[in-house]
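Asker: have a look at this prediction, sequence included:
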Amino acid sequence: MSELCHETAAWRALERHYREEMADFDIAAGFAADPGRLAALSQQAPHVFADLSKNRVTPRTEQLLVALAQECGVADRRDQMFAGAPINTSEARAVMHWLLRMPRDGGLLREQGVVTAMAAPVREALDAVHVTLDAMLELAAQVRARPEITDIVNIGIGGSHLGPEVVVNALEDWCDPGKRFHFVSNVDGHELGHVLSRVRPQSTLFLVASKSFTTAETMLNAHSARAWFLAQGGSEDAGAACRIADHFIALTTNVAAAAEFGIERTLGFWDWVGGRYSLWSAIGLPIAIAVGPAHFRALLAGAHAMDTHFVTAPLARNLPVRLGLIDIWYRNFHGYGSRCIAPYSHGLRRLTAYLQQLEMESNGKQVDAQGRRLTAATSAVVWGEPGTNGQHAFFQMLHQGPDVIPVEFIAMRGGGKYLGAHQQSLLINAVAQAQALMVGRREECSEKYCPGNRPSSFLLLQQLDPASLGALIALYEHRVFVTGAVWGINSFDQWGVELGKNLARDLAARQDRGDWQDVDASTAGLMRRLIAADLP
């Protein structure tokens, strides 16, 4: 049985390094002492430049972190994932979302010799991926060619909601101007109700995204949308002018359930596609409708380029690895409990919500994949807001608060329709905030005192286009994989989520029966108060 991460020699070496050299390390002083610091701690990866020099690390820190990755078998686990091994051990599934963006001939990974080592079932899965991809893009093109369809309503939750929403928002400049996109996930009826009040049945296409076609929140919203559609003049009849089959599409593997609902057009995907990694699959249909087949393929190509970098670059110059190891350094050796994401882009306004699910659902665990309890902390709290809005809200705490919170800036050099003075001001503000976090204002015994030495990373894209966005999202996926691999946890299940869903089903059944036996007093009391008409 392998050692736990905090039992390794590399971990102990990092503890000594932190205690003896880095506990009081000053970033600004590090620049003064090392003229090559920027070059050593920055890197160009596919579509993304990363400046890591304003972090509390040195090249020696990175060397020790790479040794930890080696001792914890990060590269081996990565190679197992790309070989199609069932690394999601609790569900006995492969993890192959990366296959969804691989070209039919293997693309860049073929050129690097990776594809030749793939098992036959993986190569067969790649063929199936492209059959589905072609069908999805053909369907997207058909929808785009229908000017009478003006509104697309995506009904899903979790990964089948956040992924498409963040990408459609980010690629607004590439979206079809003749169509409006709405994303409904919350079981709170106000969300769906507000969307339905703004659309008409004859000009609306509903996409119901649920692999099993049984997801409770999604199906409640879908059935409510169906009831609204029929009440507004829609029909189930085959010969009707406005029928369910023409205005609902299912993204599911449960074709029979979709047909019972009245849906004739379905697109499926595979059990090795986890929800939070599914935007590249048929779940991405709203993206393909929004930006068109060519731009969707560019999104896949950007992600594939980052996949190739992750598989082939040495660990010391592998950007997902470097970022993931810095996360380990801050979480486990500095004790930082959260990380702030600050995208200086209106297009990325939903990115933080997406990253919260990606990281906290994947790595928010305290046992490893073998069921052993970890004493090392795992996922940090991920939070944030787009700049420059955040500067006038929580940045005060980042600069002067007692907690040190690493910040991640994401910016674009250019691109989009609205440039000029706006873009220049946006970029200057982002750079200035990173500088302010580092240098501070060293006026002791003053209300103006800012301690500085607050770490940050800076990710820079040339522009927010489909390829760059694909690379950025894949970068975060692999970064989360790296931290999970170091901690030895299974980043691809979510039993905490399942627990809450199961208990909700049990409470609904008990409410129908009026049976609260063996339920804790607090829960039973709350449920009685919710359903009792005579309580205030």
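Answerer: Now that the structure is in, tell me what you want to look at.

Asker: run through the neighbouring helices and strands of the longest helix belonging to the chain.
Answerer: Across the chain, the longest stretch assigned as helix under DSSP state H is helix 120-144. The contact analysis (3 or more CB pairs under 8 Å, 6 or more residues apart in numbering; DSSP states H and E) places helix 120-144 against strand 265-267, helix 285-291, helix 293-312. For the C-beta atoms, the positions are set from N, CA and C on the backbone; glycine is no exception.

Asker: return the most buried member of those.
Answerer: Among the helices and strands packed on helix 120-144, ranked by average contacts under mean count of other CB atoms under 10 Å, first place goes to helix 285-291 (a mean of 27).

Asker: per-domain residue ranges of the chain.
Answerer: Following automatic domain parsing, the chain resolves into domains at 41-95+298-487, 120-291, 496-531.

Asker: how about these, which one is nearest G113?
Answerer: Between G113 and those, the shortest separation by CB to CB is 9.1 Å, and it involves domain 41-95+298-487.

Asker: ok so N490 is a strand residue?
Answerer: No - secondary structure assignment places N490 outside any strand; it is coil (DSSP: H, G, I helix; E, B strand; the rest coil).

Asker: what about the residue nearest to it when sequence neighbours are not counted, how many residues nearby?
Answerer: Leaving out its chain neighbours, the residue that sits closest to N490 by CB to CB, 6 or more residues apart in numbering is A369, at 4.4 Å. Summarising burial for A369: neighbours were counted as other CB atoms under 10 Å, giving 21.

Asker: show me what the worst-scoring helix or strand of the chain on mean pLDDT is packed up against.
Answerer: The helix or strand with the lowest mean pLDDT-type score in the chain, counting by mean pLDDT, DSSP states H and E, is helix 107-111 (a mean of 79). Helix 107-111 sits against helix 293-312, with contacts defined as 3+ CB pairs under 8 Å, 6+ apart.

Asker: check which element follows the helix it packs on along the chain.
Answerer: On the C-terminal side of helix 293-312, the nearest following helix or strand under DSSP states H and E is helix 319-328.

Asker: who does the helix or strand just after that following helix pair up with?
Answerer: Following helix 319-328 in sequence order, the next helix or strand is strand 338-343 (DSSP H and E). The pairing partners recorded for strand 338-343 under DSSP bridges are strand 381-384 (parallel), strand 407-414 (parallel).

Asker: export only the CA atoms of the shortest one, formatted as PDB.
Answerer: In other words, strand 381-384. Once side chains and other backbone atoms are set aside, the C-alpha atoms of strand 381-384 remain, and they are given as PDB (Å, rounded to 0.1, in the frame of the first residue of the first chain):
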ATOM      1  CA  VAL A 381     -12.400  27.500  -0.700                       C
ATOM      2  CA  VAL A 382     -12.500  29.000  -4.200                       C
ATOM      3  CA  TRP A 383     -14.300  32.300  -4.500                       C
ATOM      4  CA  GLY A 384     -14.200  35.600  -6.300                       C
END
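
Asker: other residues contacting it?
Answerer: Defining contact as CB atoms under 8 Å, 6 or more residues apart in numbering, one finds that strand 381-384 is touched by 337-343, 352, 355-356, 359-360, 390, 408.

Asker: widest-spaced pair of these?
Answerer: Maximum pairwise distance in the contacts of strand 381-384, criterion CB to CB, is 21.2 Å, between G337 and P343.

Asker: could you check which of those two is surrounded by more residues?
Answerer: Set side by side, G337 and P343 show more neighbours around P343, with 27 against 14, by other CB under 10 Å.

Asker: what sits against that one?
Answerer: Here P343 is in contact with 349, 351-352, 384, 386-387, 409-411 (CB under 8 Å, 6+ apart).

Asker: check these against M22 and report the nearest one.
Answerer: Proximity of the contacts of P343 to M22 was ranked by CB to CB; the top entry is F409 with 22.4 Å.

Asker: thought that closest one was touching P386?
Answerer: No - with contacts counted by CB atoms under 8 Å, F409 stays clear of P386, the gap being 10.9 Å.

Asker: identify the contacts common to the two.
Answerer: Counting by CB under 8 Å, 6+ apart, the shared contacts of F409 and P386 are 342-344.
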